[in-house]
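Asker: Pasting a predicted model and its sequence here:
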Amino acid sequence: MELVKIGREGVEMAKKVKFGIGFVTGRPNVCRIVNSYYNDMLEQVSKYKKEVELTIFILFDTSYQQGERKDFYNVLPEVYKKINIQYITPEDIGEEKKKLIARKNMKENDMDFFFGHGHAKGRNTLMYYAVKNGMDYLLFWDDDEYPVAVLDENGKKKWIKQNNILKHLEFMDEEKADVTIGYHCGYISPIPYIDYTDDFQEKDMKEFIEAISNDIISWESIREKMNNNNGVTYADKELVKGEKAYEIDSIGAGKWVAGSTLCLNLNHEDKIPAFYNPPLARGEDTFFSTLLGNSKTVRIPVYHFHDGFLKYTEIMERRYPKSLRKINVREECVKSRFLKATMGWIKYKPLLLYITDKKEYNKRIKEMKNSLEITVPKLNKVFADDCFTTLLDELEIYDKNVLNHYEEYKRTNKIWESLRKIIF
């Protein structure tokens, strides 16, 4: 904020910047991230031109991996001494909803719809609490990402620490941005490396990826990574220098951003939409992106390494691998991770198609179904499991409900508009 206060000697003093870091998480791995990087966080903000107060918000969901509540409270005591840590518990959410209903005349069904756990609900809940606690900025940080970039220089891996907080602060100020978004390297998508055979050829992979593709996943990007880099995305040498940012233009229906390394300028409340995803789907960042038409959205030169399969957690201990290998379909948890991701994509693809091209929706959804009917049986053979057949069933369900989900998408932001009038 640019507000100032007057000191005893009549000298203007800049107001402290309040910077929130938000984790919407279902994995206790979040505690390792906080414990591993809190000193880096403090070092970064010490370099900013204004005094910065950090608050880490943790909204955890024990149902995601059937974990225990205590697993999410393993943040080190020394972290509490130096950074504000705010957990958002089910009890907190319940009490807040009661207050909004009783004192602000909000509808109970709206509050249940907006607040809680889940990809979009979690982000909306965290965003609400960040605003309520007076944050100027909120940086979303996923629980499987580390603030480091990896370069490939003639086969050798070079790891470079990233100022993932400082860069957002600097470019928010420099660009007068509403939203800033960084880059990702590493295993960007949970799509494992698949060896092609006579039964499952590259053309089959192409057809499957094109069927489930979205604003982030495309066949061109997947093919290049699989063919040349074992499925790994490496950082760009020029971007790692951290010098140049650019404003994102609308492409089709949105200014496409991802859900992590995503920073919101909460001083520009009318430029920050809410998040939505269809029930049990993904896409919360996608549908957020479709509402950024009037928001200045800036891509900034800073990276997170996405450890999509949690195979390189030693990076948090500054033990950097000399090579990044293929993640094979036979490895433990890979199938379930891939299935869960594709299921999440399939469930939101109908709504994405409807928003981006209503006139061609029926044609495009039919093409998608046809592609999956051809490729899913082949994919089942690759994984030696018929589990992917459920994708066809889910697509049918979400296609039939696309108009309901479109109404929910609009409803979410109507609720957010009402809440903004209360808390801003």
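Answerer: Yes, it's here.
Asker: From now on I want contacts and neighbour counts done on CA atoms only, so please keep to that.
Answerer: Noted.
Asker: Which stretches in the stretch 251-400 of the chain count as strands?
Answerer: 262-265, 297-307 (DSSP state E, counting those that start in this stretch).
Asker: Kindly reformat the ones you listed as CSV containing mean pLDDT.
Answerer: As requested, the strands of the stretch 251-400 of the chain are exported to CSV (pLDDT from 0 to 100):
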stretch, mean pLDDT
strand 262-265, 98
strand 297-307, 98
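Asker: Give me the phi and psi angles of the residue nearest the centre of the chain.
Answerer: Per C-alpha atoms, centre = their mean, the C-alpha nearest to the average position across the chain is that of residue 259, at 2.2 Å. Dihedral angles of residue 259 (phi, psi; degrees, to the nearest 10) stand at phi -80, psi -10.
Asker: Just list the residues touching it, thanks.
Answerer: If you count contacts by C-alpha atoms under 8 Å, 6 or more residues apart in numbering, residue 259 has them with 140-142, 284-285.
Asker: low-confidence ranges in the protein?
Answerer: 1-14 (pLDDT under 70).
Asker: Tell me which of the strands of the stretch 251-400 of the chain approaches residue 39 most closely.
Answerer: strand 297-307 (16.9 Å; C-alpha to C-alpha).
Asker: Give the pairing partners of the closest one; include direction for each.
Answerer: Paired with strand 297-307 in the same sheet, following DSSP bridges, are strand 145-146 (antiparallel), strand 179-187 (parallel), strand 246-247 (antiparallel).
Asker: Adding mean neighbour count and distance to residue 85 as columns, could you present the strands of the stretch 251-400 of the chain in TSV?
Answerer: As requested, the strands of the stretch 251-400 of the chain are exported to TSV (neighbours: other C-alpha atoms under 10 Å; distance: least, C-alpha to C-alpha, whole Å):
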stretch	mean neighbour count	distance to residue 85
strand 262-265	25	18
strand 297-307	25	22
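Asker: Adding distance to residue 348, write those strands out as JSON lines.
Answerer: Converted to JSON lines, those look like this (distance: least, C-alpha to C-alpha, whole Å):
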{"stretch": "strand 262-265", "distance to residue 348": "20"}
{"stretch": "strand 297-307", "distance to residue 348": "22"}
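Asker: residue boundaries of the helices in the protein?
Answerer: 29-46, 77-82, 90-104, 108-114, 119-132, 166-175, 202-212, 219-229, 237-240, 284-289, 334-356, 361-383, 390-400, 402-423 (DSSP state H).
Asker: Buried residues, the fifth one. List them.
Answerer: By neighbour count with 16 or more other C-alpha atoms under 10 Å, helix 119-132 contains the buried residues 119-131.
Asker: re earlier: which one of the helices of the chain lies nearest to residue 188?
Answerer: Taking C-alpha to C-alpha, helix 219-229 is the member of those nearest to residue 188, at 9.6 Å.
Asker: So which elements touch the closest one?
Answerer: Helices and strands touching helix 219-229, as assessed by 3 or more C-alpha pairs under 8 Å, 6 or more residues apart in numbering; DSSP states H and E, comprise helix 202-212.
Asker: Could you list the buried residues of the helix it packs on?
Answerer: 204-212.
Asker: Check these against residue 93 and report the nearest one.
Answerer: Of the buried residues of helix 202-212, the one sitting nearest to residue 93 (C-alpha to C-alpha) turns out to be residue 212, at 34.1 Å.
Asker: Great, nothing more from me.
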